[in-house]
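S.K.: Requesting a structural model of the entry that follows:
(one chain, ligands or ions: 1)
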Amino acid sequence: MTQFIGVSEMSKLVRKVGVLDFLRDLAGYIEEDFRRWPLFEKAARVASHSKVGVIELMPTSDGALYGFKYVNGHPGNTATGKLTVTGFGVLADVATGYPMLITEMTLLTALRTAATSAMAARALARRDSKVMAMIGAGAQSEFQVLAFKALLGIEEVRIYDPDRAAVQKFMANAQTFGLKVTRAETISEGVAGADIVTTATAVKGRAAVITPEMLSPGTHINAIGGDCPGKTELHADVLRMGKVFVEYPPQTRIEGEIQQVEPDFPVTELWQVLSGAAVGRAAKDEITIFDSVGFAVEDFSALRFVRDLTLARSTELDLIPEVANPKDLFGPLLRTAPARVVRPDTDRISA
Ligand SMILES: NC(=O)c1ccc[n+]([C@@H]2O[C@H](COP(=O)([O-])OP(=O)(O)OC[C@H]3O[C@@H](n4cnc5c(N)ncnc54)[C@H](O)[C@@H]3O)[C@@H](O)[C@H]2O)c1
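M.R.: Numbering: from 1, shown residues only. I've put the predicted structure just below:
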């Protein structure tokens, strides 16, 4: 049977493990996979663009497991009460091709994006970083700051979003985790002197949310919202102020902030820093920029992590026929009992 993790089950799992521990442990899985990067089958994701958004498929394999995610990005969705980003994913066994796990990946994408951001910052930001500016108070925002608290010990957050209701929502959610949260009236006010700046805005266009004069020496920028052709958040000159780190250059050159600059603009691959093959931050006053678009290996790690957390239990789906004779697919069609869904005993979730 194929394991199934829906939204309510994923929520229970995160609460049971604890959101900070979940983010910390998930970051461990992602880092482990970045360190064995050359093993993975890699390709830029397959994107289907429309005027209002994008639908993407993100596959990868390490030779033993195969994973893919379906994900969308529709910045106009929130105006009609829908999420900007949703997703689901599959983990399969390479040896047989059988799907082992199907899971919701809307929550899991927010968790894995935040864990990846903080994992990158742990390697690139100044070690004494305590203050973070969060630009954009949408669906990803709380996940981001909690991952930075869990992995880097961030204590203070300045939040900016033109949508004041979104800021209020963010402040109420983030404050319950003991963070000192202040509202910035402008982006410049939020960014001034911050150790880490995360941008998670969702505008389908060439926005220059961060401009060079806003930045102080030594800042680490974690830019996650520029993740599609024609959709960027940093002024191009910001990219020339420091060192740019990326996930997978063939995808980032199409989708990331660096789509604005020349095709051979120098970048460092994050996996090389994590595996010790390249230098990350070279000096305290250097500006470092993680130009994140989200890569399939991060989703693979998240699928692997959830599979390991839920091995002992979960809802089972009869997605693949169980056959007595593998050459007789037709016969059971006429005899099969109604579809079976085994509901989980959620109290049995074990970390
Ligand atoms: N890199 C990755 O791996 C990754 C993963 C998930 C999402 N994303 C991207 O992150 C972005 C945010 O996603 P979300 O789900 O939080 O979207 P969302 O629509 O829920 O929130 C976006 C927020 O940005 C705000 N905003 C718009 N312009 C702004 C500005 N100039 N300054 C400050 N705030 C501004 C909006 O008011 C909104 O509250 C999206 O662009 C999404 O595509 C990237």
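S.K.: where does the chain come near the ligand, residue by residue?
M.R.: Counting by Cβ under 6 Å from any ligand atom, the residues of the chain close to the ligand are 73, 75, 78, 84-85, 109, 113, 135-141, 160-163, 166, 200-203, 207, 209, 224-225, 227, 292-294. Yep, even glycine has a C-beta here, placed from its N, CA and C like the rest.
S.K.: just the buried members of those?
M.R.: For these, a burial check counting by 16 or more other Cβ atoms under 10 Å picks out 73, 75, 84-85, 109, 113, 135-141, 160-161, 166, 200-202, 207, 209, 224-225, 227, 292-294.
S.K.: In strands, which of these appear?
M.R.: Residues of those located in strands (DSSP state E): G73, I135, Y160, A207, V209.
S.K.: okay, now the closest residue in space to the second one that isn't next to it in sequence: neighbour count?
M.R.: It refers to I135. Spatial nearest neighbour of I135, excluding adjacent residues (Cβ to Cβ, 6 or more residues apart in numbering): T199 at 4.7 Å. If you count neighbours by other Cβ atoms under 10 Å, T199 ends up with 26.
S.K.: what pLDDT does T199 get?
M.R.: pLDDT for T199: 98.
S.K.: Look up how far P332 lies from it.
M.R.: As judged by Cβ to Cβ, to the nearest Å, T199 and P332 stand 53 Å apart.
S.K.: Please apply the same query to P250.
M.R.: Where P332 is concerned, P250 sits at a distance of 44 Å (Cβ to Cβ).
S.K.: Looking only at neighbour counts, state which of the two leads.
M.R.: Neighbours per residue, other Cβ under 10 Å: of P250 and P332, the larger number sits with P332, 14 against 11.
S.K.: pretty sure the more buried one is in contact with P321, am I right?
M.R.: Yes - the pair formed by P332 and P321 meets the contact definition of Cβ atoms under 8 Å, at 6.5 Å.
S.K.: Closest residue of the protein to the ligand?
M.R.: The nearest approach of the chain to the ligand comes at G138, 1.7 Å away (Cβ to the nearest ligand atom).
S.K.: For stretch 85-95, give me every contacting residue.
M.R.: Stretch 85-95 has contacts (Cβ atoms under 8 Å, 6 or more residues apart in numbering) with 61, 63-73, 98-106, 108-110, 139-140, 299-300, 302-304, 307.
S.K.: One more pass at 6 Å, please.
M.R.: With contact meaning Cβ atoms under 6 Å, 6 or more residues apart in numbering, stretch 85-95 is reached by 64-73, 99-106, 109, 299, 303, 307.
S.K.: Weed out the non-buried ones from these.
M.R.: Here, 16+ other Cβ under 10 Å leaves 65-69, 71-73, 99-106, 109, 299, 303, 307 buried among the contacts of stretch 85-95.
S.K.: Could I get the average pLDDT for stretch 80-90?
M.R.: 98.
S.K.: Can you tell me, leaving aside adjacent residues, what's nearest to M171?
M.R.: Counting by Cβ to Cβ, 6+ apart, M171 lies nearest to V181, which is 5.0 Å off, once chain neighbours are set aside.
S.K.: ok, how many other residues are close to that neighbour?
M.R.: 18.
S.K.: From V246, how far off is it?
M.R.: 30 Å.
S.K.: Ok, F4 next?
M.R.: F4 sits 34 Å away from V246, going by Cβ to Cβ.
S.K.: Neighbour count for the two, which is higher?
M.R.: Using other Cβ under 10 Å, the more surrounded residue of F4 and V246 is V246, with 24 against 19.
S.K.: so what's that one up against?
M.R.: T252, V267, D291.
S.K.: ok so the first one is a strand residue?
M.R.: No - counting by DSSP: H, G, I helix; E, B strand; the rest coil, T252 is located in no strand; its state is helix.
S.K.: Could you count how many residues lie near it?
M.R.: Counted with other Cβ under 10 Å, residues neighbouring T252 total 25.
S.K.: what's the nearest residue to it if we skip its chain neighbours?
M.R.: Nearest residue to T252, sequence neighbours excluded (Cβ to Cβ, 6+ apart): V246, at 4.1 Å.
S.K.: Please name the bridge partners of that neighbour.
M.R.: V246 has these beta-bridge partners by DSSP bridges: E269.
S.K.: number of nearby residues for K284?
M.R.: 10.
S.K.: any idea whether it is helix, strand or coil?
M.R.: coil.
S.K.: how near is it to L234?
M.R.: K284 is 22 Å from L234, where distance means Cβ to Cβ.
S.K.: now do D299
M.R.: Distance, D299 to L234, using Cβ to Cβ: 24 Å.
S.K.: What of S117?
M.R.: Taking Cβ to Cβ as the measure, S117 and L234 are separated by 15 Å.
S.K.: do the same with W271
M.R.: Counting by Cβ to Cβ - W271 and L234 are separated by 22 Å.
S.K.: The two: which is more packed in?
M.R.: Ranked by neighbour count (other Cβ under 10 Å), W271 and L234 place L234 first, with 27 against 23.
S.K.: Thought A208 was touching the more buried one, still the case?
M.R.: No - in terms of Cβ atoms under 6 Å, L234 does not count as a neighbour of A208; the distance is 7.0 Å.
S.K.: Next one, pLDDT for the residue sitting nearest the centre point of the chain please.
M.R.: Central residue of the chain (Cα atoms, centre = their mean): T113, 1.7 Å from the mean position. Here the pLDDT value assigned to T113 is 98.
S.K.: Figure out the helix or strand that A172 lives in.
M.R.: Per DSSP states H and E, A172 falls inside helix 164-175.
S.K.: residues making contact with that helix?
M.R.: Here helix 164-175 makes contact (Cβ under 6 Å, 6+ apart) with A137, S141, E142, V145, I159, D161, V181, R183.
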